[in-house]
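S.K.: 3D, please:
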Amino acid sequence: MTCPVKSEGIATLHPLDVDTVPRLELMDACLQAASDAVLVLDENARAVYLNHAAEDLSGWTSSHAIGKAITEIWHTDGEATASTLKSPAVSFKHAVLSNRLGQRVEIEHQITSLNDQNGRSLGFMLVARKIPVRQKGHLSLLMSAEALDEHAEALFAERERAQVTLDSIGDAVVSTDFRGHVAYLNKAAERLTGWIQADAQGLPAASVFQLVDVNTGESTPCPATEAIIENQRRAPAAASCVLIRRDGEAVPVEVAATPIHDRVGGVVGAVMVGHDVTAARKLSDKLAHLALHDHLTDLPNRTLFNDRMEQAITLARRSGSHLSLMYIDLDRFKEINDTLGHLVGDEVLRMAAQRLLGCVRASDTVSRQGGDEFIALLIDCDFDEAKSCAQKIVDSLSAPYDIGNHRLTLSASIGIAQYPQDATDTAALIKAADTAMYVVKCARRERARTPQSLVVTGEQNTEGGTDLRH
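M.R.: You can find the predicted model right below:
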């Protein structure tokens, strides 16, 4: 037997010396001395060998562990150990081992297939080691970084979804910081205000979303600023609110602002939502107009006329002035309507309404009472002025009406009543003027050669009117 020979600092054994050392004992000694835990499994994943490090790490002694399935002696969080045997890893993986002593130990482990020289499977070898404290910290940092990356990705995806959503809706959305300065405008807000995000950001919301009361012309307080200060939802009156765009155009809008809170309830800004209500407001104005005007002539109807009469009487009473009321009836209109049809009759009424408007002042009111009857309220007008206006109306209404191939003529009968001489309230004044007009109309029927029109006055009319006052 030869002795070990040292050559260049490396100790070797001659083959004869190696043969004297049982190879299995040598391998066992090496594995038992290793700091890594080593578990050897047969092809059925049952334990056939554990070194000392494996016993310490798992809490199992070899005598109790050998012959047991790996799933009984080796429990880690995450993927089951049995499933990893189907695809052994080529690198160490992090895991948390729950050992037999009830301890949870952070480890890294690796499972390797064992094959003979012919490639036949002999089993598996599981190698594991505790993660040192320093390495744990590094691993935790890596995991934290990964978590932060995942969180950042989630936030980015959420932000993208919110951006697409806000840009897809039709309402304008403006958000501000706690000072009321613009932080964000969506696409609809850019179109509505005429401002782009890059130019508007950081400006006071009141200068970007400039609101004005259409009735007074005065600036409306910015609802976003009010929402921040008062910590509650704010919305100006929708019926009178207009937005002054960046180009100076006025757009009717409805707008409301709500404060934005942080996690502890503090106000950190506001979000303002608005939309163009031009079409809705036009429709509302049209409906309101139709409710107070005659659908055929577009003159004020009875409701609006009576309201203006009440106001005029109140003002006349305070100032001591006069009012004149004229009741106007179109003679021969029924004959035209029955002979030529309602379409021609309607056109005659529309033309007569326009001629009446041309005979009075802007401060006066002409109304259609129904059929071919009209009524005119003359503000601050005495009897002589009313007679002059009546003659002007007679002349205008007597002019020919060219409608299609027809040239039509008709006359008018007019009755006049005055405030306060004839009556002091609306109903009585209308009745007095109507009665005067009816008297004139009856008188004309009784005369074979009657003037074209008669005006009831307080004295003898130059055109043959009656000496009555109503």
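S.K.: low-confidence ranges in the stretch 351-470 of the chain?
M.R.: The stretch 351-470 of the chain contains residues with pLDDT under 70 at 445-470.
S.K.: any idea where the helices of it begin and end?
M.R.: 383-398, 426-446 (DSSP state H, counting those that start in this stretch).
S.K.: ok, now the stretch 1-150 of the chain?
M.R.: 15-20, 23-33, 52-58, 62-65, 70-73, 81-84, 133-168.
S.K.: related to what we said a few turns ago, ok, which of the helices of the stretch 351-470 of the chain comes nearest residue 251?
M.R.: Among the helices of the stretch 351-470 of the chain, helix 426-446 comes nearest to residue 251, with 40.1 Å by CB to CB. (Glycine included, C-beta is placed from N, CA and C.)
S.K.: just the helices in the stretch 201-350 of the chain please.
M.R.: Counting by DSSP H, counting those that start in this stretch, the helices of the stretch 201-350 of the chain are 205-208, 223-230, 278-292, 302-319, 333-340, 342-359.
S.K.: would you map out the domains in the protein?
M.R.: 34-131, 141-168, 169-282, 293-446 (automatic domain parsing).
S.K.: quick revisit: residue 216 is nearest to which of the helices of the stretch 351-470 of the chain?
M.R.: helix 426-446 (30.6 Å).
S.K.: now that closest one: buried residues?
M.R.: 426, 429-440, 443-444 (16 or more other CB atoms under 10 Å).
S.K.: okay, now the residue nearest to residue 171 when sequence neighbours are not counted: neighbour count?
M.R.: Nearest non-adjacent residue to residue 171, counting by CB to CB, 6 or more residues apart in numbering: residue 275, 4.8 Å away. Residues lying near residue 275 (other CB atoms under 10 Å) number 17.
S.K.: which ones are touching residue 275?
M.R.: Counting by CB atoms under 8 Å, 6 or more residues apart in numbering, residue 275 touches 170, 171, 172, 188, 192, 253, 254, 255.
S.K.: go with 10 Å
M.R.: 169, 170, 171, 172, 188, 189, 192, 251, 253, 254, 255 (CB atoms under 10 Å, 6 or more residues apart in numbering).
S.K.: what is the end-to-end distance of stretch 195-206?
M.R.: When the termini of stretch 195-206 are compared using CA to CA, to the nearest Å, they are 13 Å apart.
S.K.: show residues contacting that stretch.
M.R.: Taking CB under 10 Å, 6+ apart as the rule, stretch 195-206 contacts 174-177, 179-187, 189-190, 193-194, 207-210, 219-225, 228, 245-246, 257, 269-270, 272.
S.K.: averaged pLDDT, that stretch. What do you get?
M.R.: Averaging pLDDT along stretch 195-206 gives 92.
S.K.: ok, and the closest non-adjacent residue to residue 381?
M.R.: residue 324 (4.3 Å).
S.K.: these two touch, right, the one you found and residue 417?
M.R.: Yes - the pair residue 324 and residue 417 passes the contact test of CB atoms under 10 Å, sitting 7.6 Å apart.
S.K.: roughly how far does the nearest residue to residue 437 once chain neighbours are set aside sit from residue 62?
M.R.: Once flanking residues are discounted, residue 437 sits nearest to residue 415: 3.1 Å by CB to CB, 6+ apart. Remark: distance between residue 415 and residue 62 (CB to CB, to the nearest Å) = 128 Å.
S.K.: bridged to residue 210, which residues?
M.R.: residue 244 (DSSP bridges).
S.K.: how many neighbours does it have?
M.R.: 18.
S.K.: quick one: low-confidence ranges for the stretch 1-150 of the chain?
M.R.: Ranges of the stretch 1-150 of the chain meeting pLDDT under 70: 1-23, 78-90, 133-150.
S.K.: try it again with 80
M.R.: 1-30, 77-92, 132-150 (pLDDT under 80).
S.K.: check contacts around residue 326.
M.R.: Residue 326 touches 356, 360, 364, 366, 374-378, 381, 386-387, 389-390, 393, 414-417, 433, 436-437, 455-456, counting by CB under 10 Å, 6+ apart.
S.K.: again, but for residue 235
M.R.: Contacts of residue 235 by CB under 10 Å, 6+ apart are 223, 226, 227, 241, 254, 255, 256, 257, 258, 272, 273, 274.
S.K.: just flag the most distant two among the residues you listed.
M.R.: Longest span within those, CB to CB: 241 and 258, 16.8 Å.
S.K.: so if I had to pick from those two, which one is more boxed in?
M.R.: Taking neighbours as other CB under 10 Å, residue 241 and residue 258 compare with residue 241 leading, 23 against 16.
S.K.: wait, the more buried one sits on residue 212?
M.R.: Yes - when contacts are counted by CB under 10 Å, residue 241 is listed as touching residue 212 (7.8 Å).
S.K.: between these two, which contacts overlap?
M.R.: Common neighbours of residue 241 and residue 212 (CB under 10 Å, 6+ apart) are residue 220.
S.K.: still on that earlier bit, more neighbours: which of residue 415 and residue 62?
M.R.: When neighbours are counted by other CB under 10 Å, residue 415 and residue 62 differ, and residue 415 comes out ahead with 27 against 15.
S.K.: beta partners for that one?
M.R.: With DSSP bridges as the rule, residue 415 is bridged to residue 327.
S.K.: I'd guessed it sits against residue 374; true?
M.R.: No - counting by CB under 10 Å, residue 374 is not a contact partner of residue 415; they are 11.6 Å apart.
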